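J.: I would like to see how this sequence folds:
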Amino acid sequence: MAVAYTGNNGTVTVDGTNMCVTQFQFTKTNTDEDTTSTCDAGWDDQIVTSRNIQGSFSYHYDPDKHEGLMAGETVTLVLTLPGGTASGPATLTSVQVTSQVKQTVKGVANFKSKGPWTIG
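T.: Below is the predicted model:
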């Protein structure tokens, strides 16, 4: 039987501060270089040249926690999932705050890894 998890115990910390997020996501990617040659019998070949993690987290704005989030800053992120974490240095690529009548003030921060991450 398949196992399913909920995100209700997931957390995001920025430099040790719990961001009290409403959701987060991240994507692991890599950059390849094509190394295909005539010795590959007609098949593509490549090597991984670099790895990257990018993602975002959303939150209900709290000035005590979120006021200092600035695009361009390098921070240490820890993303906690059921059974493990993903953590490492990241640059905040954008920080958006939205204020609407009859809604809470909300924020979204986007990030991109800056150096090696640990996933496990």
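J.: contacts and neighbour counts: CA atoms only from here.
T.: OK.
J.: would you mind measuring from N30 to T80?
T.: Note on N30: its distance to T80, by C-alpha to C-alpha, to the nearest Å, is 22 Å.
J.: surely T104 meets V97?
T.: No. Counting by C-alpha atoms under 8 Å, T104 sits too far from V97 to count as a contact (10.6 Å).
J.: mutual contacts of those two, please.
T.: Both T104 and V97 are in contact with Y61, where contact means C-alpha atoms under 8 Å, 6 or more residues apart in numbering.
J.: which residues touch the helix or strand of the chain with the lowest mean pLDDT?
T.: Ranked by mean pLDDT, DSSP states H and E, the weakest helix or strand in the chain is helix 63-66, scoring a mean of 91. By C-alpha under 8 Å, 6+ apart, the list of residues contacting helix 63-66 from outside reads 17-19.
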